[in-house]
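> One predicted model, sequence on top.
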Amino acid sequence: MPAHLVAVALVLIGYAALAVSYLGWGSITARALRITTSNVMLVWPGWAVVLLIFQLLHLAFPLNAFVAAPVFLLGIAFAIPRLRGLRFPPALAIVVVLAACWIASRSMLAPQAYDAGLYYLNTIQWIHSYPIVPGLGNLHGRLAFNQSYFTYAASLNLAPLFENGPLFENGHRAANGFLLLLGGVTFLSRLRPGTTHPFESLPSLFALPILGHLALLSPGLTSPAPDLASEVLQLVMFVMLAGMLGAEESSPGETALLVILAATAITIKLSNIAFAIVVMAIVLALVRQMRVIVLVAFMFMIWMARGYVSSGAPLYPSTIGHIAFDWAVPRADVAQMAALIRGWAREPNQNWRAAVENGTWMHGWIQRIRQQKVEVLFPLGLGICFLAATLRKPRRETLLLLPVLAGLAFWYFTAPEPRFAHALFFCFAMAAALLFLASLQPRLTRRNFVLVLCAVFAITHLGITLQAIRHRHALAEISLTGWRPIPRAPLMRRTTASGLIVFTPTTDDRCWDAPLPCTPYFRDDLRLRVPGRMESGFTVTPAH
């Protein structure tokens with residue numbers, strides 16, 4: 001127990017230090033963009049800008065503590081002027097600390113997401129050990145997924161500054177816990193009693209239970225999973241967009257921040273692209289922010305450049321813009337990875353080629369969707385009912401549906417696995433419920449509107465409430481012994497035709513955090529671009 005308490009205490013200190021550092025970078029960003037917003041909201045652009053800085057630094061350096069720590073310390077120094085006047089309500093502080101203790105204890109369990117062993121931990125290990133490696137996708141196709149989230153997760157591993165304790169090789173496992181806490185504090189800070197328009201405070205109120213649902217049941221809390229980060233970002237962007245659409249006059253600070261978060265969400269995971277692009281389009285159509293457009297363009301430029309380095313394709317696994325560098329993943333392999341993802345999303349663990357080439361997958365897919373009652377069917381059906389019952393659909397507020405519908409359409413036509421939709425079905429139900437309430441508010445007395453609001457809130461969250469009751473035992477599923485060990489993969493040592501030694505797992509396709517280079521997909525034609533130098537990158541092109 002004492003070791004666990006020490007581990008939790010260190011994680012809480014880490015959370016606080018991250019929040020302060022991101023606040024400092026957020027304040028510098030706000031000053032550069034000439035915008036103002038609250039201290040809590042400033043943490044988000046600070047996080048996004050630090051993510052950009054780490055992506056830049058990783059082009060030349062391994063993202064270890066000697067690179068990450070100065071960036072965090074500089075952010076803390078930037079935050080000092082703001083900390084002097086910072087006020088935190090005691091009741092809110094107690095709630096946040098208690099939630100942080102539980103989240104920290106739960107994140108210490110062994111990783112639960114299958115992809116953590118397949119490529120999450122492997123990707124983080126490469127980022128932590130080497131500068132960005134050209135052609136890494138030739139070693140393992142999933143290592144070429146250009147997800148900036150992993151630079152965030154890797155930056156939290158403070159080895160070799162700390163040889164012991166939870167921050168050594170475990171910081172990445174606390175990454176999503178911090179984002180969940182930040183999302184919760186964001187929503188709580190936006191609850192303002194007495195607001196006139198339903199879109200001002202109600203979106204935060206409706207999003208809070210969903211955040212609790214994710215904390216309780218998402219496997220991403222114990223794993224450095226970009227899926228959970230995407231869910232939190234989508235909820236935050238949804239709440240901010242709703243507030244902007246409901247306000248009489250849009251805040252320049254809020255709109256700039258929303259554009260930055262939308263751009264960051266795309267770099268976090270490409271499945272966010274439709275939702276995020278429509279959010280940016282709505283914001284920039286209503287309020288023009290030229291300075292933030294320059295920043296976003298730079299973010300995309302760096303992100304796409306990293307894609308070219310790791311795979312030769314800026315939007316991997318799309319072949320759009322593919323260039324046949326000597327380290328590039330062959331175009332046919334890129335297309336095959338895209339087809340594999342699309343086919344697996346249609347028929348998991350089945351013949352993915354058949355799922356891509358014909359429509360026989362639809363029956364099985366519908367059967368699986370029918371089992372996703374809480375995450376898909378209930379919010380989808382509820383949203384349709386609320387929209388049908390909406391008396392008046394105001395033009396401006398209805399824009400809230402556009403990014404959600406665009407995201408769902410993109411999800412269906414690309415990779416219709418429910419978890420790839422992230423929080424979009426929940427957002428659809430919330431958007432429909434908010435539009436329904438907005439249409440009723442002018443027609444009801446304040447007392448009657450409050451009664452209807454309580455009923456709509458209860459109905460909207462009925463599914464996740466019942467699921468939380470069924471899975472209430474999950475509240476006790478925390479580690480009381482500190483960080484649980486990461487599973488180890490039995491490995492086979494194999495040698496390619498060029499003499500390159502590669503480790504492959506023998507029991508399944510998960511390397512976990514095995515020694516580098518490790519891949520479940522051995523290729524005899526794989527070789528280093530410069531013999532003996534791992535950082536030179538991998539290629540499958542014939543040597544000249």
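Here it is on my side, so go on.
> Could you chop the protein up by domain?
The chain breaks down by automatic domain parsing into domains covering 2-329, 361-476, 490-544.
> closest to W344 out of those domains?
Closest to W344 of the domains of the chain is domain 361-476 (Cβ to Cβ; 7.3 Å). Quick note: C-beta positions are derived from backbone N, CA and C, even for glycine.
> what does the average pLDDT come to for the closest one?
When pLDDT is averaged along domain 361-476, the result is 91.
> Could you work out the end-to-end span of it for me?
For domain 361-476, the first-to-last residue distance is 39 Å (Cα to Cα, to the nearest Å).
> now it: how far from the chain's centre is it?
Its chain's average C-alpha position is 20 Å from that of domain 361-476, according to Cα atoms, centre = their mean, to the nearest Å.
> Likewise for stretch 330-347?
That offset, for stretch 330-347, works out to 22 Å (Cα atoms, centre = their mean).
> Name the residues of that stretch that are buried.
Going by neighbour count (16 or more other Cβ atoms under 10 Å), the buried part of stretch 330-347 is 330, 333-334, 336-347.
> What of stretch 183-199?
Using 16+ other Cβ under 10 Å as the test for burial, stretch 183-199 gives 183-188, 190, 197-199.
> ok so, going back, got TSV for the domains of the chain, with distance to R484 too?
Formatted as TSV, these follow (distance: least, Cβ to Cβ, whole Å):
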stretch	distance to R484
domain 2-329	4
domain 361-476	15
domain 490-544	13
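> ranking the ones you listed by burial, who's on top?
When these are scored by mean count of other Cβ atoms under 10 Å, the highest mean neighbour count falls to domain 2-329 (a mean of 20).
> if we can go back for a sec, now, the buried residues of stretch 183-199 that are in strands?
Secondary structure assignment (DSSP state E) places none of the buried residues of stretch 183-199 within strands.
> coming back round to it: ok, so of the buried residues of stretch 330-347, who is nearest Y152?
Among these, and counting by Cβ to Cβ, the member closest to Y152 is I341, at 22.5 Å.
> Go ahead and report the secondary structure state at the closest one.
Here I341 is recorded as helix under DSSP: H, G, I helix; E, B strand; the rest coil.
> Now do the same contact list for the residue lying closest to it once chain neighbours are set aside.
The shortest distance from I341 to any non-neighbouring residue, by Cβ to Cβ, 6 or more residues apart in numbering, is to A415 (5.4 Å). By Cβ atoms under 8 Å, 6 or more residues apart in numbering, the residues touching A415 are 271, 341-342, 344-345.
> give me that answer again for 10 Å
Contacts for A415 (Cβ atoms under 10 Å, 6 or more residues apart in numbering) come out as 270-271, 338, 341-346, 421.
> mind checking how far it is from P348?
Using Cβ to Cβ, to the nearest Å, A415 is found at 11 Å from P348.
> How about P416?
11 Å.
> Now the common contact residues for the two.
Common neighbours of P416 and P348 (Cβ under 10 Å, 6+ apart) are 365, 368.
> For this protein, give me the ranges with low pLDDT.
For the chain, applying pLDDT under 70 flags the ranges 1, 85, 159-169, 194-195, 249, 350, 352, 393-394, 543-544.
> residue closest to the middle of it?
The residue lying closest to the centre of the chain (Cα atoms, centre = their mean) is A229, at 2.3 Å.
> just checking, that residue touches A153?
Yes: if you go by Cβ atoms under 10 Å, A229 and A153 touch, sitting 8.9 Å apart.
> shared neighbours of those two, which are they?
147, 175-176.
> And those residues, which is closest to I260?
Of all the shared contacts of A229 and A153, Q147 has the smallest distance to I260: 17.6 Å, by Cβ to Cβ.
> so what's T541 up against?
135, 138, 324-328, 330, 525, 527, 529.
> JSON lines for these, including distance to L74 and secondary structure?
Below are these laid out as JSON lines (distance: Cβ to Cβ, whole Å; DSSP: H, G, I helix; E, B strand; the rest coil):
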{"residue": "G135", "distance to L74": "33", "secondary structure": "coil"}
{"residue": "N138", "distance to L74": "36", "secondary structure": "helix"}
{"residue": "A324", "distance to L74": "40", "secondary structure": "coil"}
{"residue": "F325", "distance to L74": "34", "secondary structure": "coil"}
{"residue": "D326", "distance to L74": "37", "secondary structure": "coil"}
{"residue": "W327", "distance to L74": "33", "secondary structure": "coil"}
{"residue": "A328", "distance to L74": "36", "secondary structure": "coil"}
{"residue": "P330", "distance to L74": "41", "secondary structure": "coil"}
{"residue": "D525", "distance to L74": "44", "secondary structure": "coil"}
{"residue": "R527", "distance to L74": "40", "secondary structure": "strand"}
{"residue": "R529", "distance to L74": "34", "secondary structure": "coil"}
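> Switch the contacts of A415 over to a markdown table; also include distance to I366.
As requested, the contacts of A415 are arranged in a markdown table below (distance: Cβ to Cβ, whole Å):
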| residue | distance to I366 |
| --- | --- |
| L270 | 25 |
| S271 | 21 |
| A338 | 23 |
| I341 | 20 |
| R342 | 17 |
| G343 | 16 |
| W344 | 17 |
| A345 | 14 |
| R346 | 11 |
| A421 | 15 |
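> picking that back up, separation between the residue nearest to the centre of the chain and A247?
A229 sits 27 Å away from A247, taking Cβ to Cβ as the criterion.
> before we move on, the earlier item: return the residues in contact with the residue nearest to the centre of the chain.
147-149, 152-153, 175-176, 178-180, 183, 220, 264-265, 268-269, 272, 422.
> How about T445?
Taking Cβ under 10 Å, 6+ apart as the criterion, T445 is in contact with L451.
> ditto for Y152
18, 47-48, 50-51, 54-55, 63, 124, 127, 172, 175-176, 178-179, 224, 226, 229, 264, 268.
> and what of M299?
Here M299 is in contact with 48-49, 51-52, 55, 148, 260, 263-264, 266-267 (criterion: Cβ under 10 Å, 6+ apart).
> swap in C518?
By Cβ under 10 Å, 6+ apart, the residues touching C518 are 122, 125-126, 139-140, 489, 491, 502-505, 510-512.
> What backbone torsions are found at R533?
According to degrees, to the nearest 10, the main-chain angles of R533 amount to phi -120, psi 100.
> quick one: which of the contacts of M299 is nearest G359?
Of all the contacts of M299, G359 sits closest to I266, with 29.8 Å by Cβ to Cβ.
> roughly how far apart are that closest one and M280?
Per Cβ to Cβ, I266 is found 9 Å from M280.
> now swap in L12 and tell me
35 Å.
> just D508 next, same as before
40 Å.
> Next: V49.
17 Å.
> In helices, which of the contacts of A229 fall?
Those of the contacts of A229 mapping onto helices are 149, 152-153, 175-176, 178-180, 183, 264-265, 268, per DSSP state H.
> Same list, the residues you listed, but as TSV with distance to T519 please.
Formatted as TSV, the ones in helices among the contacts of A229 follow (distance: Cβ to Cβ, whole Å):
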residue	distance to T519
Y149	21
Y152	24
A153	20
A175	24
N176	25
F178	30
L179	29
L180	31
G183	34
T264	29
A265	29
I268	24
